[in-house]
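S.K.: from the sequence below, what's the structure:
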Amino acid sequence: MSDAPSPWKSFQAKKEAYLAYARPWEKKVGSFLTFRPEAPSSAGSGPSGARPLEGLPFGVKDNIAVRDFPLTCGSKMLADLVSPYDATVVARAKAAGASVIGKTNLDEFGMGSSTENSALGKTSNPWDQSRVAGGSSGGSAAAVAAGLVPFAFGTDTGGSVRQPAGFCGVYGFKPTYGVLSRYGLTAYASSLETPGILAKDLGLVKTVFDAVKGRDPHDQTSLDPESQPVRPVKTIAVLADLADLDPGVKAVYEQTLVHLKALGYTLVPVTLPTLEYAVPAYYTIATAEASANLARFNGIRYGHRPVYAENPEHLVRQSRTAGFGNEVKTRIMLGTYVLRSGFQDQFYTKAQKVRTLISNDLQKVFDQADLLLTPTFPVPAFVHGDKTMTEFQQKLADKFTVTANLAGVPALSFPAGLAGGLPVGMQFTAPAFCEARLFEAAAAFATRVPVADCPGTSLDWSK
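M.R.: Prediction:
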């Protein structure tokens, strides 16, 4: 794996070829809510020529601020909002030489696993347009898989970068909580969410990460990465009681174990006793934080405002009824319920205690192994409107991804193979600040299983 990205040529130099390629693909997959390839947002200041992302176009999930672009969060509530500033990760990517060409689609306010909860557009999987791209960063994953951008930013609250990356056959990276600034990210669940990076080239993921990471005076939760002892990855933990996988995902998982053994890694069977409690703990905490964070969207300060209201209470009610979708309303109501007087200790406080137990269990795993391997998601990309993958079933399927958010540790979904012609992602999870282990192991795996190209993605920006 190279520490530098592929030698992408200037976006402007290839604009005509790009537009002829991109327009038909974007029409098929609908990855962007705002798409401006003719006039990309200019790169930030800095000495040109020596910048690590020079000439690269990129997409940004539409809950991350980009100056002079809409900031809709995939919601009618904010459909007319235009951001007056750049999020820190965007500003740093621009300073490194990259240019924003659009805002990508998402589940409304990042709440979902399919991008079907977006109120403003439909996104499909480039591998099979009858299927979802995953979520909530489905637009970013689809844009990268279709070759519309070499990399994109998403956000990851419970797997929202890694799961769509797995569905679309690209890398999806969630760093240690705080290492990427959250300034400019529209808050959903503040203690869980972080910006993340999606790309088809693993070296580019690392290069973008190095360009945008670090403490930010605008974000009190941000921090500089702690230095960790550099040592090669030798042992990888695997769950001894893994069950309930789709047959195709199970086959790819078992083949992944074969490849890792062939690469010389020692596989260590482990148990994660708190795994069955991860999803309920996660959704209790996430909905509680959402109910507080989304209280500001009331049609008074900003957000959708009705034409007429009899009084302030009526205005707020009308604003939220028309502005929020069903999933957002459901999570706000659940979060309000678990925070009610008399219920907070029973639900929210207990979930926080479970969160601590999950972190402790993960630490015990890392006392035995350098990394933990799991599937990213139990099933491949499902069909639009699949009645078997209800919102409830999608939440249950988040069990492999939410643990990293609850513990604040880094994780990476990597393309591990195909099942029935669809990509399947596997996930490495590492101790806090050990992102280098993720990149090392994923790079080694790619020597055995190269990243597959999505059919029809013929434009090669590396030439």
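S.K.: what does the model give residue 341 for pLDDT?
M.R.: Per-residue pLDDT puts residue 341 at 84.
S.K.: what sits against it?
M.R.: By C-beta atoms under 8 Å, 6 or more residues apart in numbering, residue 341 lies in contact with nothing. Placement of C-beta: from N, CA and C, glycine included.
S.K.: that one: what secondary structure?
M.R.: Assigned with DSSP: H, G, I helix; E, B strand; the rest coil, residue 341 falls in the coil class.
S.K.: can you give me the strands in the stretch 351-463 of the chain?
M.R.: Per DSSP state E, counting those that start in this stretch, the stretch 351-463 of the chain carries strands over the ranges 371-375, 411-419, 422-429.
S.K.: not counting residues beside it along the chain, what's closest to the residue nearest the centre of the chain?
M.R.: Residue closest to the average C-alpha location in the chain (C-alpha atoms, centre = their mean): residue 161, at 1.6 Å. Nearest residue to residue 161 in three dimensions, chain neighbours excluded: residue 196, at 3.4 Å (C-beta to C-beta, 6 or more residues apart in numbering).
S.K.: is it true that the one you found lies in a helix?
M.R.: No: counting by three-state DSSP, one finds residue 196 to be strand, located in no helix.
S.K.: residue 224 contacts residue 214, correct?
M.R.: Yes: using C-beta atoms under 8 Å, residue 224 makes contact with residue 214 at a distance of 5.2 Å.
S.K.: more crowded one of these two?
M.R.: residue 214 (16 against 12; other C-beta atoms under 10 Å).
S.K.: OK, contacts around the more buried one?
M.R.: By C-beta under 8 Å, 6+ apart, the neighbours of residue 214 are 179, 181, 222, 224, 225.
S.K.: repeat that for 10 Å
M.R.: 88, 92, 178, 179, 180, 181, 222, 223, 224, 225 (C-beta atoms under 10 Å, 6 or more residues apart in numbering).
S.K.: that older thread, pull up the overlap in contacts between residue 224 and residue 214.
M.R.: Listed contacts common to residue 224 and residue 214 are 178, 179; contacts here mean C-beta under 10 Å, 6+ apart.
S.K.: on that earlier part again, what distance do you get for the residue nearest to the centre of the chain to residue 411?
M.R.: Going from residue 161 to residue 411 by C-beta to C-beta, to the nearest Å gives 9 Å.
S.K.: and what of residue 84?
M.R.: Here the criterion is C-beta to C-beta. By it, residue 84 lies 33 Å from residue 411.
S.K.: between the two, tell me which one has more neighbours.
M.R.: residue 411 (30 against 9).
S.K.: any idea of the pLDDT on the spatially closest residue to that one that is not a sequence neighbour?
M.R.: Distances taken as C-beta to C-beta, 6+ apart put residue 404 closest to residue 411, at 4.0 Å, once the chain neighbours are dropped. Residue 404 carries a pLDDT score of 98 in this model.
S.K.: correct me, but residue 404 touches residue 174?
M.R.: Yes: counting by C-beta atoms under 10 Å, residue 404 does reach residue 174; the two are 6.1 Å apart.
S.K.: now list whatever residues contact both of those two.
M.R.: By C-beta under 10 Å, 6+ apart, the residues touching both residue 404 and residue 174 are 156, 158, 159, 162, 194, 410, 411, 412, 427, 429.
S.K.: now those residues in a markdown table, with distance to residue 378 and pLDDT?
M.R.: Output for those, formatted as a markdown table (distance: C-beta to C-beta, whole Å; pLDDT from 0 to 100):
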| residue | distance to residue 378 | pLDDT |
| --- | --- | --- |
| 156 | 18 | 98 |
| 158 | 15 | 97 |
| 159 | 12 | 98 |
| 162 | 13 | 98 |
| 194 | 23 | 98 |
| 410 | 22 | 98 |
| 411 | 16 | 98 |
| 412 | 18 | 98 |
| 427 | 12 | 98 |
| 429 | 16 | 98 |
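S.K.: where do the helices sit along this protein?
M.R.: 15-29, 88-95, 138-145, 162-168, 202-212, 247-262, 275-293, 312-323, 326-338, 350-368, 391-396, 399-407, 435-448 (DSSP state H).
S.K.: other residues contacting stretch 300-313?
M.R.: 75-81, 294, 296-299, 314-324.
S.K.: wouldn't the residue nearest to the centre of the chain be in contact with residue 151 here?
M.R.: No: using C-beta under 10 Å, residue 161 is not in contact with residue 151, being 11.7 Å away.
S.K.: any common contacting residues for the two?
M.R.: 140, 171, 197, 198.
S.K.: dig out what the second one forms beta bridges with.
M.R.: It refers to residue 171. residue 199 (DSSP bridges).
S.K.: sorry, back to before: tell me which of the contacts of residue 214 is nearest to residue 124?
M.R.: Closest approach to residue 124 among the contacts of residue 214 (C-beta to C-beta): residue 180, at 28.1 Å.
S.K.: average pLDDT across stretch 204-222?
M.R.: Averaging pLDDT along stretch 204-222 gives 97.
S.K.: could you export that stretch as CSV, CA atoms only?
M.R.: The C-alpha trace of stretch 204-222 is given here as CSV (Å, rounded to 0.1, in the frame of the first residue of the first chain):
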residue,chain,number,x,y,z
LEU,A,204,-6.1,7.1,-0.7
VAL,A,205,-8.2,6.5,2.4
LYS,A,206,-5.0,6.8,4.5
THR,A,207,-3.8,9.9,2.6
VAL,A,208,-7.1,11.7,3.2
PHE,A,209,-7.1,10.6,6.8
ASP,A,210,-3.6,12.0,7.3
ALA,A,211,-4.6,15.3,5.6
VAL,A,212,-7.7,16.0,7.7
LYS,A,213,-7.1,14.4,11.2
GLY,A,214,-6.1,16.2,14.4
ARG,A,215,-7.3,18.6,17.1
ASP,A,216,-9.6,21.4,16.0
PRO,A,217,-10.2,24.5,18.2
HIS,A,218,-13.8,24.6,16.9
ASP,A,219,-14.6,21.1,18.4
GLN,A,220,-14.0,20.5,22.0
THR,A,221,-14.4,16.7,21.5
SER,A,222,-11.5,16.6,18.9
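S.K.: only C-alpha atoms, please: export stretch 274-284 in PDB.
M.R.: The C-alpha trace of stretch 274-284 is given here as PDB (Å, rounded to 0.1, in the frame of the first residue of the first chain):
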ATOM      1  CA  THR A 274     -22.200  -8.200  25.400                       C
ATOM      2  CA  LEU A 275     -22.700  -8.300  21.700                       C
ATOM      3  CA  GLU A 276     -26.300  -9.300  22.100                       C
ATOM      4  CA  TYR A 277     -26.900  -6.100  24.100                       C
ATOM      5  CA  ALA A 278     -25.000  -3.800  21.700                       C
ATOM      6  CA  VAL A 279     -28.000  -2.900  19.500                       C
ATOM      7  CA  PRO A 280     -30.500  -2.000  22.300                       C
ATOM      8  CA  ALA A 281     -27.800   0.000  24.100                       C
ATOM      9  CA  TYR A 282     -26.900   1.800  21.000                       C
ATOM     10  CA  TYR A 283     -30.400   2.800  20.000                       C
ATOM     11  CA  THR A 284     -31.300   3.900  23.500                       C
END
